[in-house]
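Asker: sequence-free structure coming up:
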């Protein structure tokens, strides 16, 4: 028994040494070279922004990539230069209401296209796909004229209300996710006396939370970063500015103080990064399963 134990110990040590062999590391790097290059390419701009945010005004955008002295007070100075909390509230209100409106309107539409069989359903689905391909700038003028006639320009309503009427991309995404749910669940619910509304909210919605999370996250990120919409409807009313619009105007308001501009950029990025970290699992799962069937 002692001999076997003594023999097994060197075997495990040899196995560990083999796992840590430099050739294995080189092989791993070679296999993941493209992913590593893309990861570094995505990370470098963020690292540059964060480092510049801690620099002095004289050092920002010079040949020095590392701060000579760290200036965390730049983040506090951003709030002194502009009402960032007010802009943050406007962005949060826009994103939350738009996401809620998208879910309320797109879930029933996606369910109808995925589960109900009626004449013209394929044609309507084609219209949804066509609407996805239509640039928003094409219809910007007539839609702006409509909101101007309603005297709602200068407010966030023209940005939020359209999401309560359905979003083409979200309908398409959710429809592709809903068709992956087996029909047996709906047959069992129908035998238990459930109507279409009950099957939607008691059967389908609980089973498709990852897909709903993915669609919601897409909408939240889009509206949080949206610049064209706020510029069009609230560009002349600073009290209704969102963070994206305020950030674009921050450079001109403060004589190109790049350290403060980068500090404001970091403040805009933090909520989005935190949200993605918390919703990452559901987001990836929803994207993975979308479009598997149908």
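Answerer: Good, I have the coordinates. Note that the structure is predicted; figures quoted are calculated from it, not measured. Numbers count the residues shown, from 1 in each chain.
Asker: list the residues that contact the residue nearest in space to the middle of the chain.
Answerer: By C-alpha atoms, centre = their mean, the chain has its centre lying nearest to residue 221, at 3.4 Å. Residue 221 makes contacts with 272, 276, as judged by C-beta atoms under 8 Å, 6 or more residues apart in numbering. No exception for glycine: its C-beta is placed from N, CA and C like everyone else's.
Asker: quickly find the element holding it.
Answerer: helix 209-225 (DSSP states H and E).
Asker: how far away from the center of its chain is that helix?
Answerer: A distance of 5 Å separates the centroid of the chain from that of helix 209-225, by C-alpha atoms, centre = their mean, to the nearest Å.
Asker: likewise for stretch 176-183?
Answerer: In terms of C-alpha atoms, centre = their mean, the centre of stretch 176-183 is found 23 Å from the chain centre.
Asker: cool, stretch 230-250 as well?
Answerer: Stretch 230-250 sits 20 Å away from the centroid of its parent chain (C-alpha atoms, centre = their mean).
Asker: what's the end-to-end length of it?
Answerer: Stretch 230-250 stretches 15 Å from its first residue to its last (C-alpha to C-alpha, to the nearest Å).
Asker: ok, stretch 130-146 next?
Answerer: From its first residue to its last, stretch 130-146 covers 22 Å (C-alpha to C-alpha).
Asker: helices of the stretch 1-150 of the chain, start to end?
Answerer: Per DSSP state H, counting those that start in this stretch, the stretch 1-150 of the chain carries helices over the ranges 2-19, 22-31, 33-53, 73-81, 84-115, 121-133, 140-149.
Asker: nearest to residue 65, of those?
Answerer: Residue 65 sits nearest to helix 33-53 of all those, at 6.5 Å, using C-beta to C-beta.
Asker: show me which residues of that closest one are buried.
Answerer: 51, 52, 53 (16 or more other C-beta atoms under 10 Å).
Asker: the first one contacts residue 64, correct?
Answerer: No - contact status for residue 51 versus residue 64: not in contact, 9.5 Å apart, counting by C-beta atoms under 8 Å.
Asker: mind checking the pLDDT average for stretch 273-288?
Answerer: Regarding stretch 273-288, the rounded mean pLDDT is 72.
Asker: and residue 192, how close does it get to residue 115?
Answerer: Plainly put, residue 192 is 17 Å away from residue 115 if you go by C-beta to C-beta, to the nearest Å.
Asker: of these two, who's got more company?
Answerer: residue 115 (17 against 11; other C-beta atoms under 10 Å).
Asker: list the contacts for that one?
Answerer: The contact partners of residue 115, by C-beta under 8 Å, 6+ apart, come to 178, 179, 186, 199, 204.
Asker: now do stretch 196-210, average pLDDT.
Answerer: 87.
Asker: next, the buried residues of that stretch.
Answerer: Result for stretch 196-210 [16+ other C-beta under 10 Å]: buried residues 199, 200, 203, 204, 205, 208, 210.
Asker: quick one: terminal-to-terminal distance for that stretch?
Answerer: Using C-alpha to C-alpha, the two ends of stretch 196-210 sit 21 Å apart.
Asker: how about residue 68: what's its closest non-neighbour residue?
Answerer: Counting by C-beta to C-beta, 6 or more residues apart in numbering, residue 68 lies nearest to residue 59, which is 5.9 Å off, once chain neighbours are set aside.
Asker: much appreciated, bye for now.
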